[in-house]
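Student: 3D model of this:
(one chain, ligands or ions: 1)
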Amino acid sequence: MEQQWWRTAVVYQVWPRSFADSDGDGIGDLRGVISKLDHLSDLGVDALWLSPFYPSPQVDAGYDISDYQGVDPLFGTLQDVDDLIASLHARGMRLVLDMVLNHTSDLHPWFVESRQSKDSPKRDWYFWHDEPPNQWPSLFGGSAWELDEQTGQHYLHTFAKEQPDLDWRNPEVRQALKQMLCWWLDRGVDGFRLDVISMISKDFENPWGFLGFGPQLHEHLQELRREVFAGQGLMTVGETPMATVEQARLMTEPDRKELDMVFGFEHVNLDHNLTKWDPIPLSLPRLKASFARWQEGLAAGWNSLYWDNHDQPRAVSRFGDDGEHRVASAKTLATVLHLHRGTPYVYQGEELGLKNAGFRSIHDYRDLESLNWFREATERGLPEAEALRHLQRASRDNARTPMPWDDSRRAHWIGYADDTVTVADQRDDPASVLSHYRRLIALRHEVPAVAHGDFALLLPDDERVWAFTRTHEEVELLVVANFSSYDVVPELPDWGRGELLVGTGGPRLGPWESGVLLRDR
Ligand code: TEU
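Tutor: Down below sits the predicted model:
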């Protein structure tokens, strides 16, 4: 049995551009990350997931890679990566790299060569067609097919036109990517977060095929596992937008030997219709049901648990109350997430209860997804003020603001969130959101039921209370959370009995309060 350290682990995501800037150029860098490892040790996390730092034209903040085996000078050098790996390992932490295998930058030498001529040896590393074979949209606006003047053919880009999709049906493509992954493993990395990995196989006949899940997905994943990941004690997590729980099960069930876990999107898609620019009110029963469905559907496998990342708005602004009940709601969101079964992810700033940037001027936005959507929406006639309100709620820039280490507000490539929280203020304050995260992370390491217990949802229809149990051997954990700004007395006869591990033990819960009780079964 391979060592599955990630079953008791908590992963911390660093988005290097906005984490820590060591050279004062206004952009975070790898030496900055190294200088802040005390923060990670202090939190108690087990692994660092580092978003892309590879050479890139930075059209999509580094998710457009032009060299998989280097470091963008913005962020540092390969030596810095080696130093980061060594510093993490010295502290007993691991490094998980973010790998973008579905597409490259249009400036990657493979694409530069591919676009040269119709008979380029790399022509069939990407998708080229005289006429678009379908009507697929790009997820960043416009068509997914771009006409290239040089040869008069169209190439596929699921994301920006500067992010052409690789053709995984070509064994040379797979060979090159596998070699590259092995090169990183030889440098000592401990796992991979695989960007949009569910999109690497496509069915051109399917009008929704741009979302991936094509016929060869599982074959490709099994090949990666067999030839690259197996036997190395790694952690692999696939990003899989729009996956159903059944698709997630197929990608993660241990016997199938594909991935260790995936990022489902169901719970972050509940507050909008088809696109995130079309909001609908969030219903607590639906949110709870979604978590429960994934807990049950992946009971033989494993979940990843997250509210936040570099693509999502800040959790406290989105699911909690970033005004009067900010501290309580940030803590309660954390408690509920970390007490589910799976590996929890903490995205930089989440551990402070940092809120959305909520920029009020279009000039403050940087993300191409936001800028493209704003342009298209206003061209279609949406008033600018209204388009801006959508960005304030849903833009990815909401979570890409500089990490507030202290109250010096040094200028960065993007503004700060309009917020006063800092690491310095929270570090030694036992009532802070940061201290609460520290406590939850320690609980996962200390109490086996937190990592391993079976899950059961209680009070599924309750509009205010989120309650569930985790049972393991002789022990039961009861988690009860108030997702409202009113006092509640949860309708649970037993609520109050047991040892309080964290939070408030009831029977009454104030606005956004929550608690975890441990008791014998
Ligand atoms: O995100 C994939 C993805 O599905 C996004 O389009 C996501 O749905 C969107 O950002 C929500 O607004 C991954 C990366 O996490 C993202 O940062 C990249 O831009 C994207 O892939 C392309 O590599």
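
Student: could you state which residue of the chain sits nearest its centroid?
Tutor: The residue lying closest to the centre of the chain (CA atoms, centre = their mean) is residue 309, at 4.1 Å.

Student: near the residue in the stretch 101-250 of the chain positioned nearest to the ligand, how many other residues are there?
Tutor: The minimum distance from the stretch 101-250 of the chain to the ligand, using CB to the nearest ligand atom, falls at residue 241 (3.7 Å). (C-beta placed from N, C-alpha, C; glycine too.) When neighbours are counted by other CB atoms under 10 Å, residue 241 registers 16.

Student: quick one: the strands in the stretch 51-200 of the chain?
Tutor: Using DSSP state E, counting those that start in this stretch, the strands of the stretch 51-200 of the chain run over residues 94-99, 128-129, 145-148, 153-156, 191-194.

Student: want to try CSV for these, with mean pLDDT, distance to the ligand and mean neighbour count as columns?
Tutor: Output for the strands of the stretch 51-200 of the chain, formatted as CSV (pLDDT from 0 to 100; distance: least, CB to the nearest ligand atom, whole Å; neighbours: other CB atoms under 10 Å):
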stretch, mean pLDDT, distance to the ligand, mean neighbour count
strand 94-99, 98, 8, 22
strand 128-129, 98, 21, 16
strand 145-148, 98, 16, 17
strand 153-156, 98, 14, 21
strand 191-194, 98, 9, 25
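
Student: closest one to residue 170 among those strands?
Tutor: strand 128-129 (11.9 Å; CB to CB).

Student: which strands or helices does the closest one pack on?
Tutor: Here strand 128-129 touches strand 153-156, going by 3 or more CB pairs under 8 Å, 6 or more residues apart in numbering; DSSP states H and E.

Student: quick check: phi and psi at the residue sitting furthest away from the middle of the chain.
Tutor: For the chain, the residue at maximal distance from the C-alpha centroid (CA atoms, centre = their mean) is residue 119, at 38.8 Å. Dihedral angles of residue 119 (phi, psi; degrees, to the nearest 10) stand at phi -110, psi 20.

Student: what is residue 98 paired to in the beta sheet?
Tutor: On the basis of DSSP bridges, residue 98 is bridged to residue 193.

Student: residues contacting the residue in the stretch 1-150 of the chain positioned nearest to the ligand?
Tutor: As assessed by CB to the nearest ligand atom, the ligand sits closest to residue 63 within the stretch 1-150 of the chain, at 3.4 Å. Taking CB atoms under 8 Å, 6 or more residues apart in numbering, we find residue 63 in contact with 52, 56, 100, 159, 163, 195.

Student: for the second one, grab phi and psi.
Tutor: Torsion angles at residue 56 (phi, psi; degrees, to the nearest 10) stand at phi -160, psi 140.

Student: is it true that it touches residue 106?
Tutor: No. When contacts are counted by CB atoms under 8 Å, residue 56 is not listed as touching residue 106 (11.0 Å).

Student: return the residues of this protein in contact with the ligand.
Tutor: Contact residues, the chain versus the ligand (CB under 6 Å from any ligand atom): 60, 63, 100, 139, 159, 195-196, 239, 241, 276, 310-311, 369, 396.

Student: including distance to residue 3 and pLDDT, could these go into CSV?
Tutor: Listed next are the residues of the chain next to the ligand as CSV, based on distance: CB to CB, whole Å; pLDDT from 0 to 100:
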residue, distance to residue 3, pLDDT
60, 34, 98
63, 30, 98
100, 27, 98
139, 36, 96
159, 35, 98
195, 25, 98
196, 27, 98
239, 23, 98
241, 29, 97
276, 38, 96
310, 29, 98
311, 30, 98
369, 38, 97
396, 35, 98
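
Student: check those and tell me the two furthest apart.
Tutor: So for those, where distance means CB to CB, the most widely separated pair is 100 and 276, at 20.9 Å.

Student: if you count what's nearby, which of those two comes out ahead?
Tutor: Neighbour comparison, residue 100 and residue 276: the larger count goes to residue 100, with 25 against 20 (by other CB under 10 Å).

Student: ok, and what's touching the host helix or strand of residue 376?
Tutor: Assigned by DSSP states H and E, residue 376 falls within helix 368-379. Residues from elsewhere that reach helix 368-379 (CB under 8 Å, 6+ apart): 59-60, 139-142, 160, 277, 362, 365, 384, 387-388, 390-391, 395-397.

Student: immediately after that helix, which helix or strand?
Tutor: Downstream of helix 368-379, the first helix or strand assigned by DSSP H and E is helix 384-394.

Student: show the contacting residues for the residue nearest to the centre of the chain.
Tutor: For residue 309, the contact set (CB under 8 Å, 6+ apart) comprises 13, 263, 345, 347, 399.

Student: which of those has the largest number of neighbours?
Tutor: Compared across the contacts of residue 309, residue 399 has the highest neighbour count, 27 neighbours, by other CB under 10 Å.

Student: pretty sure it contacts residue 306?
Tutor: No. In this structure residue 399 lies outside contact range of residue 306 using CB under 8 Å: 11.7 Å.

Student: between the two, what contacts are shared?
Tutor: residue 347.

Student: could you pull out the helices for the stretch 151-300 of the chain?
Tutor: Residue ranges of the helices in the stretch 151-300 of the chain, as given by DSSP state H, counting those that start in this stretch, are 171-186, 217-224, 245-252, 284-297.

Student: out of those, nearest to residue 40?
Tutor: Across the helices of the stretch 151-300 of the chain, closest to residue 40 is helix 171-186 (CB to CB), at 20.5 Å.

Student: quick check: buried residues in that closest one?
Tutor: Across helix 171-186, burial judged by 16 or more other CB atoms under 10 Å covers 173, 174, 177, 178, 181, 184, 185.

Student: likewise for stretch 428-442?
Tutor: 432, 433, 434, 435, 436, 437, 438, 439, 440, 441.

Student: okay, these in TSV with distance to residue 169 next?
Tutor: Below are these laid out as TSV (distance: CB to CB, whole Å):
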residue	distance to residue 169
432	51
433	47
434	47
435	51
436	48
437	44
438	47
439	49
440	44
441	42
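
Student: nearest to the ligand among these?
Tutor: Distance to the ligand across the buried residues of stretch 428-442 (CB to the nearest ligand atom) is lowest for residue 437, with 22.5 Å.

Student: quick one on the thing from earlier: report the contact partners of the residue of the stretch 101-250 of the chain closest to the ligand.
Tutor: Taking CB under 8 Å, 6+ apart, we find residue 241 in contact with 196, 198, 211, 265.

Student: any low-confidence regions in the protein?
Tutor: Scanning the chain for pLDDT under 70 picks out 1-2.

Student: go again using 90 as the cut-off
Tutor: Scanning the chain for pLDDT under 90 picks out the ranges 1-3, 409, 418-420, 493-494, 496, 506.

Student: quick check on the residue nearest to the centre of the chain: phi, psi?
Tutor: phi -160, psi -170.

Student: my guess is residue 464 contacts residue 486, does it?
Tutor: Yes. With contact defined as CB under 8 Å, residue 464 reaches residue 486; the gap is 7.1 Å.

Student: with neighbour numbers in mind, choose between the two.
Tutor: Taking neighbours as other CB under 10 Å, residue 464 and residue 486 compare with residue 464 leading, 16 against 10.
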